[in-house]
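Undergrad: attaching a predicted model along with its sequence, questions to come.
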Amino acid sequence: MPNATATALMVPDSGVGSVLKMSAALFFILAMLLLAYYFMRRFNFGGSFCGARKGELEIVDRLPLGPRQNVTVIRYRDRELVIGVTHDKITLLHAGDEGHAQTDSDFAGYLAKEHSGTSDS
């Protein structure tokens with residue numbers, strides 16, 4: 001005849017506590033997956049999720065201005081384009097071969113040149 005303590009150890013715990021532990025672990029894993037998905041979408045890790053490809057078109061920077069409105073700098077064939085994106089349309093704001101301004105004085109000179117109306121391009 002088996003020992004009473006041996007049979008008590010062989011019976012799995014089927015109480016509410018084990019169900020709650022299993023549910024909590026499942027929700028924790030689901031929350032971690034959703035959090036990882038959010039950060040991958042937010043910081044654009046790995047390009048786009050459906051069919052990421054390496055091409056000549058690259059988003060350099062994006063500045064959100066409001067809901068569904070932003071200014072985006074894209075690079076296409078070593079040329080940077082500044083576009084305005086809204087809900088209704090996309091507008092080319094500036095197209096140039098110039099790189100980024102290295103110092104504040106370069107940027108100030110660029111602004112002065114653009115404000116005066118003279119341009120090299």
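TA: The structure has been received and is ready for your questions.
Undergrad: scan the chain for its longest strand.
TA: Taking DSSP state E as the criterion, the chain has its longest strand at strand 57-66.
Undergrad: which strands and helices lie in contact with that strand?
TA: Judged by 3 or more CB pairs under 8 Å, 6 or more residues apart in numbering; DSSP states H and E, strand 57-66 is in contact with strand 69-76. Placement of C-beta: from N, CA and C, glycine included.
Undergrad: which other helices and strands does the strand it packs on contact?
TA: Right, strand 69-76 is packed against strand 57-66, strand 79-85 by 3+ CB pairs under 8 Å, 6+ apart.
Undergrad: got the angle between the shortest one and strand 69-76?
TA: When you say that, I think you mean strand 79-85. Orientation of strand 79-85 against strand 69-76 (axes from the mean of the first three to the mean of the last three CA atoms, to 10 degrees) gives an angle of 160 degrees.
Undergrad: and the next element down the chain from strand 79-85?
TA: Of the helices and strands lying after strand 79-85 in sequence (DSSP states H and E), the nearest is strand 90-96.
Undergrad: give the pairing partners of that next one; include direction for each.
TA: Take DSSP bridges as the rule and strand 90-96 pairs in its sheet with strand 79-85 (antiparallel).
Undergrad: quick one: contacts of the strand it pairs with?
TA: Taking contacts as CB atoms under 8 Å, 6 or more residues apart in numbering, the residues outside strand 79-85 that touch it are 60, 69-75, 90-99.
Undergrad: what about residue 44, how many neighbours?
TA: 11 (other CB atoms under 10 Å).
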